[in-house]
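Student: Predicted structure and sequence below. I'll ask about it afterward.
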Amino acid sequence: MNKLSKLLLTLTFALSITSSAFAVTVASWGGAYTESQKLGYGDPTAKKLGIEINWVDYSGGLSEIKAQKEAGAINWDIMDVFAMDTITGCDEGIFVEFDFDKDFPAAPDGTPASEDFFTSMPSKCAVGNILYSWNYAYNSENVSGTPKTIKDFFNTKKFPGKRAIYKSALTNLEIALAADGVKMGKGGELIYRKLEADGGVDRAIAKIKALCSDPNGGCVFWSAGAQPPELLMSGEVVMATGWNGRFFNATIGEGAPIVQVWDGQGLDYEYFALVKGGPDEANAKKALAMMTNTEMLAGSAKYIAYAPWRKSSIAVMEAGEPWYKDGKTNMVPHMPTAPANLKKYFLVDADFWADNSTEIGEKWEAMKAGL
Amino acid sequence: MSSETQKILTTDGIPLEESLKKAEKKNKIKAFLLVAPLLLYLLITYIFPIGDMFLRSIDDKMVTTMLPKTFKAMEKWDGKELPEEEVFEAFYLDYRILVKEKSFGKLATQLNYEKNGFKSILKKLARKQKKFEEGNYKEQIMKVHKRWANVEYWRAIKRRAPEYTYSKYLKGVDMYENEEGKIVQVEESRRVHKKLWLRTLEIAFFVTLLCFLMAYPIAHLLATLPMKYSNLLMICVLLPFWTSLLVRTASWMILLQQQGIVNDFFVWIGLVADDNRPEMMYNKTGTYVAMTQILLPFMVLPLYSVMKTISPSLMRAGKSLGGTPFVAFWKVYFPLTIPGIGAGCLLVFILAIGYYITPALVGGASGTLISNQIAFHMKSTLDWSFASAMGLMLLVGVLAIYWVYNKLVGIDNIKLG
């Protein structure tokens, strides 16, 4: 090896070391979603702070970070997680606890961070990122008439055909009770009270079972977010529950004849959590504070139809309409938090699911096994 | 005349026997050193992780050390009625320390595995206990949430008292040990694991059978055709092998769904009516088709490698000695292929029993297998001890099948090539 190439090698090595020392690693879900995070607030934050932010894909859950922690080699600084995982991760001591108003900047008008968020956080280790919706949609070419309510999703007489629902019980029990005539209450309070009461879960499961074993109905269980629009387009099912961002992409992005129904939607959140003892905790904390400020959060909604977590971000979007990246679509009406979409909804109760998911999971699987 | 026989010496004066032993020892060490890397590899990648998994599945020291006073006070409690004040007091004292150390979350997670509903009431208790007054803890705790007055929850705590437990294994077959120490089934609406075990075995069995039925003629053709054609055929067998598993699964979904290509074709040739298309996807049919196609090469290759070594003259000899083609095949050819059949079937069965992506995507309601359940506990509930227990049960199941196979056919008869 000649001297020059040796020198080059040393240089690149040194460079890679120094750059990795200032790199913050974020684990997220990949696909269009991570793309929106990266373009919306990841890259701008990295530029402003003069650090590098790396995005890695993972498939959810806490098993990987727990394994990293047990092995004593933590690779991730920030994770994009479900509410339930922030609760479990906080309990297990995997994530850092926040002091919201101190750790996160206030809204432009001076509202403290904790009041700028739509609801309170599920745990002390979580900071909001996006709000998304579990709603349902139908293919207008395959359905005669227009389904309008959550009851219509279960009405196989008026709208015969198969339905696609999520593979696990999460949000299925809630819509089953809502369709069975249980009042929602504020943010779905009454639904969860019913589910916690004796027989509530069984009643909801029975409603789903009736739909799935109905000769005019029947169920396809989806597991990946891309499936519901695909199942609707292929005509495999007439209606499908799914995530609103995916339906939005199919309709606006690809021009598919898919119509979303917001009645009885379940609002759910996605959070960031800061890993305790991550490779660059100090910079990660700084980056996290900046990524979740008003401007930055609004940025991600340019690329995907999920609502930013801060109320003040909506104002930024409204002022900048048409906000979608194509430059002609108004984004605010497509947000799960738009007033027209919020007439009847429930907030997915992370505490309820953290408490009961194993037992309900067993009952759910037993029901599916008996179909 | 000496009574001892003369010892034979080597040229350098050492008794031959000793010299031989020395050389043998040297050889043994050399041989051991040669296999040492492999042994080390086996230890590190198999024995150690499996041992760790086993320990995880029975170790329950964490809860035992978190609630020492409670378990001491519970020794006298028979588990029938709500425990006495002293148990409540001991629990309060233990729990206060955990809250101060901020480790109560771990206890909540652990107890929630035992009985759902613990998480929220423990958290509530952590908040409320700061304002507790001295004395009468039973009433104060019960006031925090009505579940604390439910004896089931106290029984669940008591079940976690021993340092080691086999309860995770019982849970794996839908059983538990009740307060009288009897092993009973869980309530009917929650019995799911047994169903999943049976379904996993059933699917693995039929996939193996289908693979065998389809692979045998293909392998025979591959082994007997002239090189020119058999190479092409071999590529056809291997091509899907090189394609991503998810791609293959997804393409089956496109082909077999109700509005899919296969169904369209059936309608076009008039085999079925347009409004009565058969369901071939999101049920067991879909699972069998997709899994059989994916696992087929694992059956074809061992069969092929065995058939390749069978001389065609054997069949001719069988026929010339008066056998019909069928008799010649059944008496001569088939027995010679048994080592390949054994290898292929074991391979496919063992792979099928641990499969989960494909059934989850194409299996619909019946798409959940035991491995999905293991993944669920690994990833979302973080109940690794239960996941380990089920993983070990699966491993033991596979070993049992291996043992049965050995008894019936003999493991020496296996041949991969």
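Tutor: Great, that's in hand. Computed from a prediction, not measured in an experiment: that's the story for all the values here.

Student: okay, CA-based contacts and neighbour counts for the rest of this
Tutor: Noted.

Student: Tell me the buried residues in the lengthiest helix in chain B?
Tutor: Assignment by DSSP state H gives helix B:193-224 as the longest helix of chain B. In terms of neighbour count (16 or more other C-alpha atoms under 10 Å in any protein chain shown), helix B:193-224 has its buried residues at B:193, B:195-197, B:199-201, B:203-205, B:207-212, B:215-216, B:218-224.

Student: Now it: average pLDDT?
Tutor: Summarised as a single mean, pLDDT over helix B:193-224 is 93.

Student: average pLDDT for the next helix or strand after that helix?
Tutor: Using DSSP states H and E, the helix or strand that directly follows helix B:193-224 along the chain is helix B:227-242. Mean pLDDT, computed over helix B:227-242, is 87.

Student: and residue 332, what is it in contact with?
Tutor: Defaulting to chain A. A:314, A:317-318, A:338 (C-alpha atoms under 8 Å, 6 or more residues apart in numbering or on different chains).

Student: hmm, I had chain B in mind actually
Tutor: B:314-315, B:318.

Student: anything in stretch B:252-269 sitting right up against chain A?
Tutor: Yes. Using C-alpha under 8 Å from any C-alpha of the partner chain, stretch B:252-269 reaches chain A at B:257-260.

Student: Over to that stretch now: how far is its first residue from its last?
Tutor: Stretch B:252-269 has its terminal residues 21 Å apart, counting by C-alpha to C-alpha, to the nearest Å.

Student: what comes up buried for it?
Tutor: In stretch B:252-269, counting by 16+ other C-alpha under 10 Å, buried: B:252-253, B:255-260, B:262-264, B:267.

Student: hey, what's A:Asn139 bridged with?
Tutor: Under the criterion DSSP bridges, A:Asn139 forms beta bridges with A:Ile258.

Student: and for stretch B:269-283, what are the contacting residues?
Tutor: Residues outside stretch B:269-283 that contact it (C-alpha under 8 Å, 6+ apart) are A:220-221, B:253, B:256-258, B:263, B:266-267, B:286-287, B:361-367.

Student: Which of the residues you listed fall in helices?
Tutor: Per DSSP H, the contacts of stretch B:269-283 map to helices at B:253, B:256, B:263, B:266-267, B:286-287, B:361-362.

Student: Would you tell me which one of those residues comes nearest to chain A?
Tutor: Set against chain A, the nearest of the ones in helices among the contacts of stretch B:269-283 by C-alpha to the nearest C-alpha is B:Leu361 (7.2 Å).

Student: Contacts only, for the closest one.
Tutor: By C-alpha under 8 Å, 6+ apart, B:Leu361 lies in contact with A:222-223, B:249, B:282, B:367.

Student: Would you mind naming what in chain B lies close to chain A?
Tutor: Applying C-alpha under 8 Å from any C-alpha, one finds that chain B approaches chain A through B:103-106, B:108-109, B:112-113, B:116-120, B:189-192, B:195, B:257-260, B:282, B:360-361, B:364-366, B:378-382.

Student: what about 7 Å?
Tutor: Residues of chain B lying near chain A by C-alpha under 7 Å from any C-alpha of the partner chain: B:105-106, B:112, B:116-120, B:189-192, B:257-259, B:282, B:364-366, B:378-380, B:382.

Student: In PyMOL, how would I select just the buried ones from these?
Tutor: If you want just the buried ones from the residues of chain B next to chain A in PyMOL, going by 16+ other C-alpha under 10 Å, the selection is:
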select buried, chain B and resi 105+106+112+116+117+118+119+120+190+191+192+257+258+259+282+364+365+366+378+379+380+382
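
Student: circling back: out of the contacts of B:Leu361, which is most surrounded?
Tutor: Using other C-alpha atoms under 10 Å in any protein chain shown as the neighbour criterion, B:Gly367 leads the contacts of B:Leu361 with 27 neighbours.

Student: so it sits right up against B:Pro359, yeah?
Tutor: Yes. With contacts counted by C-alpha atoms under 7 Å, B:Gly367 reaches B:Pro359, the gap being 4.6 Å.

Student: in which helix or strand would I find the residue lying closest to B:Ala375 once chain neighbours are set aside?
Tutor: Counting by C-alpha to C-alpha, 6 or more residues apart in numbering or on different chains, B:Ala375 lies nearest to B:Ala387, which is 7.5 Å off, once chain neighbours are set aside. Taking DSSP H and E as the criterion, B:Ala387 maps to helix B:384-408.

Student: how about the strands in the chain?
Tutor: Just going to use chain A. Here chain A has its strands, by DSSP state E, at A:23-28, A:52-57, A:78-82, A:127-139, A:163-166, A:219-222, A:239-243, A:258-274, A:307-308, A:345-347.

Student: think we crossed wires, I meant chain B
Tutor: With DSSP E as the criterion, chain B has strands spanning B:175-177, B:183-185.

Student: what's the domain layout of the chain?
Tutor: I went with chain A, as the question did not name one. Domain ranges of chain A: A:19-131+A:269-337, A:134-268+A:343-369, per automatic domain parsing.

Student: wrong one, chain B
Tutor: B:62-162, B:193-413.

Student: A:Ser123 and A:Val81: what is the separation?
Tutor: 12 Å.

Student: List the contacts of the closest residue in space to A:Val275 that isn't next to it in sequence.
Tutor: Leaving out its chain neighbours, the residue that sits closest to A:Val275 by C-alpha to C-alpha, 6+ apart is A:Phe95, at 4.6 Å. Counting by C-alpha atoms under 7 Å, 6 or more residues apart in numbering or on different chains, A:Phe95 makes contact with A:89, A:125, A:273-276.

Student: cutoff 10 Å now
Tutor: Contact analysis of A:Phe95 by C-alpha atoms under 10 Å, 6 or more residues apart in numbering or on different chains lists A:65, A:77-79, A:86-89, A:124-126, A:273-278.

Student: Same question for B:Tyr153.
Tutor: B:Tyr153 sits in contact with B:82, B:111-112, B:114-118, B:147, B:159, where contact means C-alpha under 10 Å, 6+ apart.

Student: thought B:Lys124 was touching B:Val144?
Tutor: Yes. With contact defined as C-alpha atoms under 10 Å, B:Lys124 counts as touching B:Val144 (7.1 Å).

Student: quick one, which of the two is more surrounded?
Tutor: B:Val144 (18 against 13).

Student: Could you report the distance from the closest residue to the more buried one other than its chain neighbours to B:Arg159?
Tutor: Spatial nearest neighbour of B:Val144, excluding adjacent residues (C-alpha to C-alpha, 6+ apart): B:Leu125 at 6.4 Å. Separation of B:Leu125 from B:Arg159 (C-alpha to C-alpha): 21 Å.
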